[in-house]
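Student: Here is the input, now give the coordinates:
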Amino acid sequence: MKMKLDGGNLFVVDADSTQYAIIKSWNAMRWDRGRQWFSGPATADLLNRLASIVKLPAPIEAERQRMNGIQAAVDAERMNENPEPLYKYPVRIPLFKHQTRGANMALLTFELIHPGKVQVSRKADYNHENKNQ
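Tutor: Numbers count the residues shown, from 1 in each chain. Model (predicted):
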């Protein structure tokens with residue numbers, strides 16, 4: 001099976017009959033009869049499903065890891081009891097916790113803040129707090 005990632009779309013060519021049946025059952029990709037390939041949006045769910053049946057090429061695996069990292073950071077922010085603003089938001093009144101969480105998740109989702117930097121900075125804050133006690 002061959003794959004190509006182009007502009008947020010994933011193309012799968014030369015799938016054998018078993019792979020064809022599995023991919024077709026997901027209803028996440030469209031079969032192009034003229035070109036004999038599957039095409040669909042490269043979502044984290046689709047890439048994770050494909051990774052479960054075949055080894056992904058390096059660039060596609062890197063994209064899958066990037067998407068999973070963003071999703072993990074958003075999930076961690078969603079479960080954060082006391083969210084700290086990741087950015088000085090241009091508002092006059094302090095935000096409520098749910099608003100801070102939502103704004104932080106938007107920054108992470110749209111990649112305006114890199115998820116790795118958030119986790120590193122929070123670990124540094126945690127270690128600094130523990131050393132002072």
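Student: C-alpha only now, for contacts and for neighbours.
Tutor: OK.
Student: Check what pLDDT the residue sitting nearest the centre point of the chain gets.
Tutor: Nearest to the mean C-alpha position of the chain, by Cα atoms, centre = their mean, lies M67 at 2.3 Å. M67 is assigned a predicted lDDT (pLDDT) of 95.
Student: what's the host helix or strand of it in contact with?
Tutor: Here M67, judged by DSSP states H and E, is contained in helix 58-78. Here helix 58-78 makes contact (Cα atoms under 8 Å, 6 or more residues apart in numbering) with 4-5, 44, 47-48, 83, 101-102, 104-105, 108-109, 115, 119.
Student: Stretch 83-99 now?
Tutor: Here stretch 83-99 makes contact (Cα under 8 Å, 6+ apart) with 77, 82, 100-101, 103-104, 118.
Student: Just the terminal-to-terminal distance for it.
Tutor: Using Cα to Cα, to the nearest Å, one end of stretch 83-99 lies 9 Å from the other.
Student: in it, what counts as buried?
Tutor: Neighbour counts over stretch 83-99 (16 or more other Cα atoms under 10 Å) mark 83, 86 as buried.
Student: How about the contacts made by A28?
Tutor: Counted by Cα under 8 Å, 6+ apart, A28 has contacts 40, 46.
Student: now with 7 Å?
Tutor: Applying Cα atoms under 7 Å, 6 or more residues apart in numbering to A28 gives the contacts G40.
Student: thinking again about what came up before, show the buried residues in the contacts of helix 58-78.
Tutor: Among the contacts of helix 58-78, those classed as buried by 16+ other Cα under 10 Å are 5, 44, 47-48, 83, 101-102, 104-105, 108-109, 115.
Student: Following the record's annotation, map out the domains of this structure.
Tutor: The record's domain parsing of the chain by automatic domain parsing lists 1-56, 60-133.
Student: Please, where are all the strands along this protein?
Tutor: Under the criterion DSSP state E, the chain contains strands at 2-6, 9-13, 30-32, 37-41.
Student: per-residue pLDDT, K123?
Tutor: So, for K123, pLDDT stands at 47.
Student: Tell me the one among the contacts of helix 58-78 nearest to M29.
Tutor: The shortest approach to M29 among these belongs to L47, at 11.3 Å (Cα to Cα).
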